[in-house]
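Enquirer: below is the structure, and that's it, no one-letter string:
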């Protein structure tokens, strides 16, 4: 079974699938190590980790495709990725879907914000006309080579025109043929329950640090029938807090010894990044090369 088929099965399975956010290959490996079935990789975490900047649309499609490719290569579980606006018009959307599919993502979502977009929880958002977004959806579906690639269309119109407008757009997105439709910013249990009633298909809730507090709990979301919950920035915020604390301690104490309890043990780190496996692989290649040379020198043996 491919990772995309696996992702589709996870979405359709009973219960709630928790998807922490990866901001690089190492955080992706940590997510997999802890037994999660899938993960999300978003623009907010990418902008923070790659650029040290907020998510206001300053990266490009190739940067994201390379970034997601490294994350996908690091793990063997499905990665659900942020495809932003498709980075332009319908032809840009086609290129985005093709590049992200080659990168290995199991699913992606496109937003109806104007290009360049910004984090859905930041003020100042604008959305494109619904007809333009439907054209982008058709382009995305047409560009998809693997029919198992999950394509979700997201609308950010709720913060501008309200909940009714967001649900109406999601209904049209589903009519256009996407696998999921997401009304960004409808985060209350009451609002999500309405989405589940009025928008066909599965639903992913967003539990983002960028939204501030007051999230519904995973158990509450599961109880009303939500298929999955993404935590796109949780590892980014955890890493930033941990690194800041270590640096603060180093600056204060001027001692490496005092940092031990805050650092992952060397052996554990090597296990996480697969050092032993790489060493065994190198040895096996060297052995094969030696055997080939020996056979060339002694063809009669």
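Expert: Great, that's in hand. None of the values given here were measured: they were computed from a predicted structure.

Enquirer: burial count for residue 132?
Expert: The burial metric for residue 132, expressed as a neighbour count using other Cβ atoms under 10 Å, is 14. Yep, even glycine has a C-beta here, placed from its N, CA and C like the rest.

Enquirer: tell me the bridge partners for the residue most central in space within the chain.
Expert: When Cα atoms, centre = their mean is applied to the chain, the residue found nearest the centroid is residue 41 (2.0 Å). Counting by DSSP bridges, residue 41 forms beta bridges with residue 81.

Enquirer: residues contacting it?
Expert: Taking Cβ atoms under 8 Å, 6 or more residues apart in numbering as the definition of contact, the neighbours of residue 41 are 21-23, 28, 67-68, 71, 79-82, 105, 232.

Enquirer: redo that, cut-off 10 Å
Expert: Applying Cβ atoms under 10 Å, 6 or more residues apart in numbering to residue 41 gives the contacts 19, 21-24, 27-28, 64, 67-68, 70-72, 79-82, 103, 105, 108, 230, 232.

Enquirer: repeat that for residue 299.
Expert: Contacts for residue 299 (Cβ under 10 Å, 6+ apart) come out as none.

Enquirer: looking at this, it is in a helix?
Expert: No. According to DSSP: H, G, I helix; E, B strand; the rest coil, the state of residue 299 is coil, so it is not within a helix.

Enquirer: what residue ranges in the stretch 101-250 of the chain score low on pLDDT?
Expert: Counting by pLDDT under 70, the low-confidence segments of the stretch 101-250 of the chain come to 118-122, 209-214.

Enquirer: residue 140 is in contact with residue 89, correct?
Expert: No. Under the criterion of Cβ atoms under 10 Å, residue 89 makes no contact with residue 140, lying 11.9 Å away.

Enquirer: and the two? Which one has more around it.
Expert: A side-by-side neighbour count of residue 89 and residue 140, using other Cβ under 10 Å, places residue 140 first with 28 against 15.

Enquirer: any idea which helix or strand comes after the helix or strand that contains the more buried one?
Expert: With elements taken from DSSP states H and E, the one containing residue 140 is helix 130-143. Note on helix 130-143: by DSSP H and E, the next helix or strand toward the C-terminus is strand 150-155.

Enquirer: contacts for the very next helix or strand once past that following strand?
Expert: Stepping forward along the backbone from strand 150-155, the first helix or strand reached (DSSP H and E) is helix 158-161. Contacts of helix 158-161 from elsewhere in the structure, counted by Cβ under 10 Å, 6+ apart, are 113, 120-127, 155, 164-170, 183-187, 191.

Enquirer: are any of the residues you listed buried, and which?
Expert: For these, a burial check counting by 16 or more other Cβ atoms under 10 Å picks out 113, 120-121, 125, 127, 155, 165-170, 183-187, 191.
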